[in-house]
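Undergrad: test case, fold it:
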Amino acid sequence: MLSFRMAQKNYNTIHDFLDDQSFKNWAFNSRLSDVSFWDFWLKNNPHKKDLAFEARDILLGINFKKNNIPEEKIDFEWNKLETKLKKIQQKKQKETLPKRNKKYTFISIAASLLLLFSVGSWYFFTNLSKVTHKTAYGEVLELKLNDGTLVTLNSNSSISYKKNDVRNVWLKGEAFFKVNKKQSTNAKFWVNTNDLIVEVYGTQFNVNTQRNKTKVFLQEGNIWLSLNNGTSKKMIPGNYIEYSSDSKKILVDDQLISSDEQLAWKNGTLIFNNSTLMDALHKVSDTYGVEFDFHDQETKNTLITGTVPTTNLEICLNAIKKSADISIKKENVKLVVYKN
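TA: Residues are numbered from 1 along each chain as shown. Below is the predicted model of the structure:
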């Protein structure tokens, strides 16, 4: 449907691009299907690349050209500047030496700063520009970074990175990474959290920073964790790690047979395998932003096993109530759990 609609539309002006929501999604890397489409479209419409990139830069708030200045141009401008300075110096021969030197120095500094700004401003602002992707409660977002890495961002989460360095990201919340390995340069990829840094070349793994600790599950490949207690940890496929910076130690180090429980959220479900009711409702809180309280404290340790959908909060809670034989009532701003 998207391809048909766009096939009927001409993109001849910047406004044609700016008014298109799918183009905005591509510019901000906010929807994988639109990113894939526009990458394909630009390959097949190379004569409109400059127009499309200019529209993208406007959306990103970048309104200056980023072209390198040729060395010949720099040399030419320096020669012109030196000629002007010599003329100024000759005209001011009658002035006192301190004044002449002072003005000459001022002009030189001003000219140097102007030239440096012309050459380096594009580089400076490009390096400092930061890209952030966020999700709301109940939202899952698929992203494709410029290096080809695929990221699935869970609800109430965010990743950020400098525009010129997409292989060094900061994560809050939860995300699954499918890192594109750079065969030619063997460039590393880093995921930074408050507790640790994940270092990889190309692999698939899940990182969760909820509940004041970082949980890492490695599905494929090998990764290194640099823990903030000064130690490091190598992970192999199937390895699941929980680390807390508060206690400065690894809390859980398991080798899992199945990845289903760790990655079910990507498919819109939560899987509980002999989980306590409290842990299960923590996952619901992280997904939807609701708070729970227990009328009967022993109910927290009720064990449940099964799969519940995260299509919406009501369906999710109904499945948990049936599985754990409980009732949940809204009282003020919290959901209170009662034993049946």
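
Undergrad: pull the contacting residues for the nearest residue to K266 once chain neighbours are set aside.
TA: Leaving aside its sequence neighbours, K266 sits nearest to T152 (C-beta to C-beta, 6 or more residues apart in numbering; 5.4 Å). Every residue, glycine included, has its C-beta placed from N, CA and C. Going by C-beta atoms under 8 Å, 6 or more residues apart in numbering, T152 touches 140-143, 175-176, 266.

Undergrad: what strands flank the helix or strand that contains Y240, and is each parallel or antiparallel?
TA: Secondary structure from DSSP states H and E places Y240 in strand 239-244. Paired neighbours of strand 239-244 in the sheet (DSSP bridges): strand 214-220 (antiparallel), strand 249-255 (antiparallel).

Undergrad: can I get these in CSV including distance to F28 and mean neighbour count?
TA: Formatted as CSV, those follow (distance: least, C-beta to C-beta, whole Å; neighbours: other C-beta atoms under 10 Å):
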stretch, distance to F28, mean neighbour count
strand 214-220, 27, 21
strand 249-255, 36, 12
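
Undergrad: next, the angle from the helix or strand V207 falls within to strand 239-244.
TA: Using DSSP H and E, V207 maps to strand 204-208. Strand 204-208 runs at 30 degrees relative to strand 239-244, counting by axes from the mean of the first three to the mean of the last three C-alpha atoms, to 10 degrees.

Undergrad: give me the contacts around strand 204-208.
TA: Strand 204-208 is contacted by residues 154, 171, 173-179, 191, 193, 198, 214-221, 223, 235, 262-263 when judged by C-beta under 8 Å, 6+ apart.

Undergrad: domain parsing for the chain?
TA: Following automatic domain parsing, one finds the domains of the chain at 2-59, 71-128, 130-260, 268-339.

Undergrad: among those domains, show me which one is buried the most.
TA: domain 130-260 (a mean of 17; mean count of other C-beta atoms under 10 Å).

Undergrad: roughly how far does A27 sit from H133?
TA: According to C-beta to C-beta, to the nearest Å, A27 and H133 sit 12 Å apart.

Undergrad: again with S258
TA: Counting by C-beta to C-beta, the separation of S258 from H133 is 29 Å.

Undergrad: repeat that for S226.
TA: According to C-beta to C-beta, S226 stands 24 Å off from H133.

Undergrad: good, we can wrap up now.
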